[in-house]
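Colleague: pasting a predicted model and its sequence here:
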Amino acid sequence: MKTFVSAHKLVQITILIVIGIVINRLLADLAIYFQLPLYLDSVGTIVVAVIGGFSPGAIVGFLTNFIGGFVDSSTFYYGTINVMIAVCAGIAARRGAFHHVSRLPMLLGMLMILSIPCSVLSYFLFDFKIAENVVTPIATALHEGGLPVLLSQILADFCTEIPDKSISIIVAYVLIRLTPRWFAKEFDSVSGRSHEDRYRSKNEIHTLKAQVTALLFVSSFALAVVATAVAYKTYSEAEIHETTLLAESVNRLVSDAIQNADSTTLHEYIHDLKGKHPRILTITPGMHETGKWDVSIVCTEAPNPVCTKFSLAAIRISVVLFCTKIFSTLFGLLLAIVFTAILIANRKVVYPIHEMTLEMDNFAYDSSRGRRESINQIKGLEVVTGNEIENLHSAIIKAVEEIDLYINKSEYQAASIAALQTNIITVLGDMVENRDETTGGHVRRTAAYAELIARQLQRDGKEPEIDDAFVSTIAVAAPLHDIGKINISDVILNKPGKLTDEEFAEMKKHTVYGRDMLVRASKNLGETAYLKMAKEIAYSHHEWWDGSRGYPERLKGKDIPLSARIMAVADVYDALVSERPYKKAFSVDEAFRIITEESGTHFDPEVVDAFVKNRETVEQIMKTKFED
């Protein structure tokens, strides 16, 4: 079974962390050995953060200072700063700083901003005095020039940090560029690089990642603050209590000495006691005093009254120094833990949910092949979390497979219903045409011609409204073009000779009858695309392009629905080449000549052009597909 991090991957991460620590310590020791005014203790942190991501980089940063603390105790408390350097390097790497040299100043700027809290930390760690490190000469000179200690420390650190971090970034950049691509690629999943491109495609997915990161950061900071506050309270009370007990002991010693020593000896004795205990400000025999906010007075009455004054301010400074060390150490450790937790949270929560969401968003519902490919993509996701998310992945796979099965069944049933519907429509058209002593071949041929013309117009791109749906719909709707003839008398419909004016007027009403029948059908069945188009065709397929002789409304040009303009050519052509009780069939050449001559008068020129382009197919339809 797959695990969160395989043993092989864990070994690789450990090796990368060790390499980072070695680089940091080696360069830092070289700077000390050659007495350079530099630190050079963050090169490895930057390299590991860029290659392996935030978590390994943060661990390198913390352990570097932890190990250095065994030689120089003050170094230990700067672990938080080195962890933050890893954060800055990781952010800069995500923004392409190590792909283009021109972007490296971005990282330098971030590290310069980071030097300010580093200076403040030094200010606290060294008892509000100039820090004892490589910047001491510069900071001392600035302070002696009249600047406050903290400002002197910040400016001195800037003077050192600019060259130090510039050299560190350049060395790190060189090492990263020399790192083999295959080695860096091994850490793509750990660093999150393998997911970043997919994340950029959907910015809203960042919300979960940001929430998890913010929650862990806030929690760690709150924990560090609470722990520091508890330490402050506990340590300050312990220090005050201990110093009070010390003062009481001093008072007893001095009280006893008053009885057994002269004034000179007593004065020397008191001076020695004060020297041994720096927090004691004064020891005054025979006096009672009242303490203020920055001092505390402890007085003893017997056998001789003595009051000892000690400094609360000194205790507070000691406590602040202690709490600064606690906060710095704890927060640095928590940051390293947080980045590891973020790595685990991303791998076990954020990335799996994102990948599943992305695949579901891109799920191809429109084709059987697309659905199978999408299902295989979902199955191929490496969701190995050992929790409910892995169960969710399994449930999604089961759901999409069932959806695919349902859609396939639905498509089969829909295809069967559509085929049945088409056959019913064709049979209905045949019944109407059979009353006109023709066969069903006319209905099928005109539908085939209409579909052929529509497809050619779609290829030509001259009619934007024509798409695949239009083409398939006209093939279904065309057989109903003369549905209104069902209301025409057989006497008129099958009259072998020329119709009278009254009879022709009645014949022309079949367009109105057809539309009204389809309107009633729409009310019962609901408005559908093919019924809508069938109404257009039935009502308007006898209109003329130039508006001179058409009926029933003498529409003109593009006021005539496109489907009716297409049907007009298909219907007339088939009537020309078919034998009727009142005429013989025209030849194909003659029929094409008539259609072409009436382009621009009876017919839409673009429709005629599309029809003529497919003459060979038209003849094939006539001879082989739907013969009478």
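Modeller: It's in. Numbering: from 1, shown residues only.
Colleague: which of the helices and strands in the protein ranks last by mean pLDDT?
Modeller: helix 193-200 (a mean of 58; mean pLDDT, DSSP states H and E).
Colleague: state the distance from the residue lying farthest from the centre of the chain to residue 308.
Modeller: Most distant from the centre of the chain: residue 262, at 84.6 Å, with distances by C-alpha atoms, centre = their mean. Per C-beta to C-beta, to the nearest Å, residue 262 is found 21 Å from residue 308. (Each C-beta comes from the backbone N, C-alpha and C, glycine too.)
Colleague: what does residue 60 give?
Modeller: 50 Å.
Colleague: more neighbours: the two, which one.
Modeller: Neighbour comparison, residue 60 and residue 308: the larger count goes to residue 60, with 31 against 28 (by other C-beta atoms under 10 Å).
Colleague: need the contact list for the nearest residue to that one once chain neighbours are set aside.
Modeller: Using C-beta to C-beta, 6 or more residues apart in numbering and skipping residues adjacent in sequence, the residue nearest residue 60 is residue 20, 3.7 Å away. Contacts for residue 20 (C-beta atoms under 8 Å, 6 or more residues apart in numbering) come out as 44-45, 47-48, 56-57, 60, 64.
Colleague: secondary structure element for residue 20, which one?
Modeller: Following DSSP states H and E, the helix or strand that holds residue 20 is helix 7-33.
Colleague: buried residues in that helix?
Modeller: Across helix 7-33, burial judged by 16 or more other C-beta atoms under 10 Å covers 12-13, 16-17, 19-21, 23-25, 27-28, 31-32.
Colleague: please identify the buried residues of the one helix or strand residue 563 maps to?
Modeller: Using DSSP H and E, residue 563 sits in helix 562-577. Judged by neighbour count using 16+ other C-beta under 10 Å, the buried positions of helix 562-577 are 562-577.
Colleague: please name every helix or strand in contact with whichever helix or strand comes after that helix.
Modeller: Following helix 562-577 in sequence order, the next helix or strand is helix 588-597 (DSSP H and E). With contacts defined as 3 or more C-beta pairs under 8 Å, 6 or more residues apart in numbering; DSSP states H and E, helix 588-597 has these neighbours: helix 562-577, helix 605-613, helix 615-620.
Colleague: distance between helix 588-597 and the chain's centre?
Modeller: The chain centre lies 62 Å from the centre of helix 588-597; the measure is C-alpha atoms, centre = their mean, to the nearest Å.
Colleague: residues contacting it, please?
Modeller: With C-beta under 8 Å, 6+ apart as the test, helix 588-597 has contacts from 569, 572-573, 576-577, 586, 603, 608, 611-612, 615, 619, 622.
Colleague: what angle separates it from helix 562-577?
Modeller: Angle of helix 588-597 versus helix 562-577, following axes from the mean of the first three to the mean of the last three C-alpha atoms, to 10 degrees, is 140 degrees.
Colleague: start at 32, not 1
Modeller: All right, first residue 32 from here; so that's helix 619-628.
Colleague: buried residues in helix 619-628?
Modeller: 619, 622-623, 626.
Colleague: repeat for stretch 406-415
Modeller: Of the residues in stretch 406-415, 406, 409, 412, 414 count as buried by neighbour count, 16+ other C-beta under 10 Å.
Colleague: turn these into a markdown table, including secondary structure.
Modeller: Formatted as a markdown table, those follow (DSSP: H, G, I helix; E, B strand; the rest coil):
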| residue | secondary structure |
| --- | --- |
| 406 | helix |
| 409 | helix |
| 412 | coil |
| 414 | coil |
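Colleague: which one of these is nearest to residue 105?
Modeller: Comparing the buried residues of stretch 406-415 against residue 105 with C-beta to C-beta places residue 414 closest, at 46.5 Å.
Colleague: the closest one touches residue 387, doesn't it?
Modeller: Yes. Contact criterion C-beta atoms under 8 Å: residue 414 and residue 387 qualify, at 7.0 Å.
Colleague: what touches both of those two?
Modeller: residue 424.
Colleague: pLDDT weak spots in the stretch 182-331 of the chain?
Modeller: 220-238, 317-325 (pLDDT under 70).
Colleague: out of the helices and strands packed on helix 619-628, the one nearest residue 209 is which?
Modeller: Of those, nearest to residue 209 by C-beta to C-beta is helix 636-644, at 64.9 Å.
Colleague: so which residues of the protein form strands?
Modeller: Counting by DSSP state E, the chain has strands at residues 311-316, 326-331, 337-342.
Colleague: can you list the strands that the second one pairs with?
Modeller: Here strand 326-331 is paired, per DSSP bridges, with strand 337-342 (antiparallel).
Colleague: what of the first one?
Modeller: The pairing partners recorded for strand 311-316 under DSSP bridges are strand 337-342 (antiparallel).
Colleague: C-alpha coordinates for the partner strand, PDB please?
Modeller: The C-alpha coordinates for strand 337-342 follow below in PDB (Å, rounded to 0.1, in the frame of the first residue of the first chain):
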ATOM      1  CA  VAL A 337      17.200  47.100  58.200                       C
ATOM      2  CA  CYS A 338      15.700  47.800  54.800                       C
ATOM      3  CA  THR A 339      17.000  46.500  51.500                       C
ATOM      4  CA  LYS A 340      16.000  48.000  48.200                       C
ATOM      5  CA  PHE A 341      16.300  45.900  45.000                       C
ATOM      6  CA  SER A 342      15.600  46.700  41.400                       C
END
